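>>> Here you go, sequence then predicted model.
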Amino acid sequence: MSRMSTSFVYLLALGLLPLTFSGCMSPFAGAGDGLAAPNQEAARPADKTKADAADADDKEAKEIEKLEHRRAKMERDLQISRQKLTRAEMAAKHTELAHQVSLRKAEMELDLAHHKFKDYAENSVPQRIARAELNVRRSQDRLREAEQELAQLEMLYAEEEFADKTKEIVLERGKQRLERSREGHAITQRDLTILLEFTIPIEMKKKEMEVDAKERQLERSRRDAEAAALDKAIALMSAEAEVTKLETDYDALLEKIAEKKQKKD
């Protein structure tokens, strides 16, 4: 047996051979570790780049989703705003028509009041005065006739051809008719005076006040129409401005969403 074989057996007997193999293999193991480390370090940046890209895509997708929700809400707001604009246009037209009717009514009422006043002043008043004056003349005629009749009776009975009792009755009736005629004439004269001095002036003043009231009503209707038209015009312009703003914001949002999607793709 050679010296080397003897030494191997001796070392094997002492249990030292595994240590020797271990020591012999340790350089190889160390060399293996040294070769694997550079490959692992090179793989790590690539994985990190992919992870960062995935995170960026996820973040971009979430932002696009938020923008889409915002777009849906803005579409509803825009639809509501357009409906409000339509409503404002309808309200403006309705108000204009309503005030045209109101103005037309006020104008017709004023015109009617003018015609009534004119008819009263030019027809009714002269007619009533003429009728009252005619009644005065008639009552004056009746008074004159009663006076003449009584005078004739007194002349007739002055001859004393009739009985005293009959004479007294006839003359008394004549005197009563004369007295009633005088009273009636006085009343008709007072009626004429009252008509001229009180009734007609008061009625005339009332008619003038009615005309003035209709004129004020017409003027008030015109002011109300102008104020209402201005309010509706302001409301309409506000609704139009709101629609325009929402449309502008909506278009800008669509452009932003398109840019985000293009960037993501």
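In hand now; what should we look at? Numbering: from 1, shown residues only.

>>> in what helix or strand does the nearest residue to residue 229 once chain neighbours are set aside lie?
Using Cβ to Cβ, 6 or more residues apart in numbering and skipping residues adjacent in sequence, the residue nearest residue 229 is residue 96, 6.5 Å away. Any C-beta I mention is one placed from the backbone N, CA and C, and that applies to glycine too. Here residue 96 sits within helix 17-119, counting by DSSP states H and E.

>>> Can you give me the neighbour number for the residue nearest to residue 61 when sequence neighbours are not counted?
In space, and not counting its chain neighbours, residue 61 is closest to residue 264: 6.9 Å by Cβ to Cβ, 6+ apart. When neighbours are counted by other Cβ atoms under 10 Å, residue 264 registers 12.

>>> now do residue 88
20.

>>> The one 3 residues further on now?
One way to gauge burial is a neighbour count; for residue 91, by other Cβ under 10 Å, it gives 16.

>>> Let me see the contact set for it.
232, 235 (Cβ atoms under 8 Å, 6 or more residues apart in numbering).

>>> Look up how far residue 247 lies from it.
22 Å (Cβ to Cβ, to the nearest Å).

>>> gap between the helix or strand following the helix holding residue 96 and the chain center?
Later in the chain than helix 17-119, the nearest helix or strand by DSSP H and E is helix 125-157. Offset of helix 125-157 from its chain centre (Cα atoms, centre = their mean, to the nearest Å): 70 Å.

>>> do stretch 95-114 as well
20 Å.

>>> and for that stretch, what are the contacting residues?
Here stretch 95-114 has contacts from 207, 210-211, 213-215, 217-218, 221-222, 224-225, 228-229, 232, using Cβ under 8 Å, 6+ apart.

>>> Swap in 7 Å and give it another go.
If you take Cβ atoms under 7 Å, 6 or more residues apart in numbering as the criterion, stretch 95-114 is touched by 210-211, 214-215, 217-218, 221-222, 224-225, 228-229, 232.

>>> What are the buried residues along that stretch?
The neighbour-count check on stretch 95-114 (16 or more other Cβ atoms under 10 Å) flags 95, 99, 102, 106, 109-110, 113 as buried.

>>> just checking, residue 88 touches residue 239?
Yes: look at residue 88 against residue 239 with Cβ atoms under 7 Å: they come within range, at 4.3 Å.

>>> which stretches of this structure have low pLDDT?
1-48, 52-54, 56, 159-163, 265 (pLDDT under 70).
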